[in-house]
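K.L.:
build the 3D model from these lines:
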Amino acid sequence: MKKSKFLLAFVAAVALFVGNSCQQSCNPGLVNIARSLRDTDNDGWYDTTTNQQVDLFITQVLTIGGGGIFGPGRSNIIVDDQILQGGNAPAGFGPNTPVATKRIGTTLLEGGDAPKIFVSKVKIFGGFITGSNDVQPLEVKWHNRDSTWTLNTNMGAITFRTRITRFADPNPNDATADTDGDGITEAEEALIGGDFNTRDIILAVAHTSDEFSLRPLAKEQLVEVFRLHGFNLRIIDNATSLPGITGGKIRNTTADTLFSILQGPSHATVATLRPSLIEPPFEQFTHLAVFQREMLPVDVAGNGRSSGIPGLDLVFKAALPIFGRDVWEFQAKLLMHEFGHNIGLCHPVSGGPPCAPLPVAERDNGTTVMGTPADDPNPLLNLANTLRRPLDYSPTQWTTINLVGARNSIR
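P.N.:
Numbers count the residues shown, from 1 in each chain. Have a look, this model is predicted:
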């Protein structure tokens, strides 16, 4: 790795020198190569159309016993936590719809001519989408080469295709630019393989015991609803990884005497856990959520707490007593509610700073997941509105999400 990084820096330096210094006496081919490898602002993206976007497609699935797979009434398809077909996914998914995308900048030089290998997790299954919790994903390896291949699996033969397109750095002289307004700079986008034109959100999810972990379907539902509104939510937990960020089971590495395996940390302690889970280059924009058995008394009664509006840290009650994590989409809705505060959203009825009042039609606890039982003094209304909250923000709330404000905010 060290040799690769040294080679990368050396080649970039040579490219910059040749590109800036050569005049007519230089070999034109060498000059062109040097210019194509230039990264003026050293943000991890080439200035010119040398960077790669690699898209993965599922073009055909021949199921055992026959039958198609695309279209209404067909199998559920989930790739890298994205529900592409089934559940509430919009119609239109087909063989020309990318199921996964990777972006590569100056790391193209690492490893020489060897292809870059990626791994995606694919689920294809029949029945209700809720069956996802019990489906083990198929790990599919693919790379940055235009190709088509078929995998034989226990459900049938799946044909994949990759496509490569090239793009330039939209701001070659500014590594701190944030073209899409997601609070992640271009240099940081290179670290996560992000997209300049899609708002990326990085959320690390941890738990104090395996029985409190985030359920697969809850994660997939959250990724889906954010995707449908133009956000690329990436949840890092025990099943999904990103170099530099760790999710999954945690243990007490703090001085918090209230922190036990079951009870979990107090909200104030979550910030002290960040260094063990999030490396410095990712610190300013990565959200951290912890699921545990109960909220501690020091955090006031309730099911969850965010660090502020906006903020970066969250702590949650993992499940409903007796009913568990899945009933009424408890985990997904609780996480989306408290995470809404982190990205600048308030309760629809009580509202208050820093949120502007919502349109009258949206000031209803039952029309957004941001609704709160605390605003319903009538116990019957409290229960009814809690159960009917959708896994969704209101139309106005989606337009007021503040990712830039969340960056480097309250912990």
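K.L.:
all contacts plus neighbour counts: C-alpha atoms, from now on.
P.N.:
OK.
K.L.:
count of residues packed around residue 149?
P.N.:
12 (other CA atoms under 10 Å).
K.L.:
how close does it get to residue 140?
P.N.:
11 Å (CA to CA, to the nearest Å).
K.L.:
with residue 150 instead?
P.N.:
Residue 150 is 11 Å from residue 140, by CA to CA.
K.L.:
list the helices and strands the helix or strand where residue 57 lies packs on?
P.N.:
In this assignment (DSSP states H and E), residue 57 forms part of strand 51-63. Contact here means 3 or more CA pairs under 8 Å, 6 or more residues apart in numbering; DSSP states H and E; on that basis strand 51-63 packs against strand 98-104, strand 156-167.
K.L.:
pull out the buried positions in the longest one.
P.N.:
What it means is strand 156-167. Under the neighbour-count criterion of 16 or more other CA atoms under 10 Å, strand 156-167 has 158, 159, 160, 161, 162, 163, 164, 167 buried.
K.L.:
repeat for stretch 45-60
P.N.:
For stretch 45-60, the neighbour count (16+ other CA under 10 Å) marks 45-48, 50-60 as buried.
K.L.:
residue 58 contacts residue 100, correct?
P.N.:
No. Assessed by CA atoms under 8 Å, residue 58 is found out of contact with residue 100, at 9.7 Å.
K.L.:
ok, the buried residues of strand 156-167 vs residue 193, which is closest?
P.N.:
Lowest distance from residue 193 to these (CA to CA) belongs to residue 167, with 13.3 Å.
K.L.:
so the closest one bridges to which residues?
P.N.:
Using DSSP bridges, the bridge partners assigned to residue 167 are residue 51.
K.L.:
repeat for residue 57
P.N.:
residue 98, residue 161.
K.L.:
that one reaches residue 99, doesn't it?
P.N.:
Yes. Taking contacts as CA under 8 Å, residue 57 lies within contact range of residue 99: 5.5 Å.
K.L.:
out of the buried residues of strand 156-167, who's nearest residue 37?
P.N.:
Closest to residue 37, out of all of these and judged by CA to CA, is residue 167, at 12.8 Å.
K.L.:
for the closest one, list the residues it contacts.
P.N.:
Residue 167 makes contacts with 48, 49, 50, 51, 52, 53, as judged by CA atoms under 8 Å, 6 or more residues apart in numbering.
K.L.:
please identify the helix or strand for the most centrally placed residue in the chain.
P.N.:
For the chain, the residue nearest the mean C-alpha position is residue 234 (0.9 Å; CA atoms, centre = their mean). Using DSSP H and E, residue 234 maps to strand 231-236.
K.L.:
parallel or antiparallel, which strands does whatever helix or strand comes next after that strand pair with?
P.N.:
For strand 231-236, the following helix or strand on the C-terminal side (DSSP H and E) is strand 248-249. Partner strands and pairing direction for strand 248-249 (DSSP bridges) are strand 199-207 (parallel).
K.L.:
tell me the angle of the partner strand relative to strand 231-236?
P.N.:
30 degrees (axes from the mean of the first three to the mean of the last three CA atoms, to 10 degrees).
K.L.:
I'd like the average pLDDT over strand 199-207.
P.N.:
What strand 199-207 shows for mean pLDDT is 93.
K.L.:
kindly export that strand (C-alpha atoms) in CSV.
P.N.:
C-alpha atoms of strand 199-207 as CSV (Å, rounded to 0.1, in the frame of the first residue of the first chain):
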residue,chain,number,x,y,z
ARG,A,199,-26.2,14.3,-2.1
ASP,A,200,-24.4,11.6,-0.1
ILE,A,201,-25.2,10.9,3.6
ILE,A,202,-22.9,8.6,5.7
LEU,A,203,-24.5,7.1,8.8
ALA,A,204,-22.6,4.6,11.0
VAL,A,205,-25.0,2.4,13.0
ALA,A,206,-23.7,0.5,16.1
HIS,A,207,-25.4,-1.6,18.8
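K.L.:
past that strand, which element shows up next along the chain?
P.N.:
Counting by DSSP H and E, the next helix or strand C-terminal to strand 199-207 is helix 216-227.
K.L.:
list the helices and strands that next one packs on?
P.N.:
Against helix 216-227 (3+ CA pairs under 8 Å, 6+ apart) you get strand 82-85, strand 231-236, helix 330-342.
K.L.:
so what's the residue nearest to residue 130 when sequence neighbours are not counted up against?
P.N.:
Once flanking residues are discounted, residue 130 sits nearest to residue 217: 6.7 Å by CA to CA, 6 or more residues apart in numbering. By CA under 8 Å, 6+ apart, the contact set of residue 217 is 130, 132, 133.
K.L.:
now, of these, which are buried?
P.N.:
The neighbour count (16+ other CA under 10 Å) marks residue 132 as buried among those.
K.L.:
residue 357: which of the contacts of residue 217 is nearest?
P.N.:
Minimum distance to residue 357 across the contacts of residue 217 is 35.7 Å, recorded for residue 130 (CA to CA).
K.L.:
now do the closest one against residue 170, distance only.
P.N.:
Counting by CA to CA - residue 130 and residue 170 are separated by 41 Å.
K.L.:
residue 62 too?
P.N.:
Counting by CA to CA, the gap from residue 62 to residue 170 is 41 Å.
K.L.:
also residue 199?
P.N.:
Using CA to CA, one obtains 15 Å as the distance from residue 199 to residue 170.
K.L.:
of these two, who's got more company?
P.N.:
Taking neighbours as other CA under 10 Å, residue 199 and residue 170 compare with residue 199 leading, 21 against 17.
K.L.:
pretty sure the more buried one contacts residue 182?
P.N.:
Yes. Counting by CA under 8 Å, residue 199 touches residue 182, with 4.8 Å between them.
K.L.:
circling back to that earlier point, nearest to residue 223, out of the helices and strands packed on strand 51-63?
P.N.:
strand 98-104 (13.2 Å).
K.L.:
tilt between that closest one and strand 156-167?
P.N.:
40 degrees.
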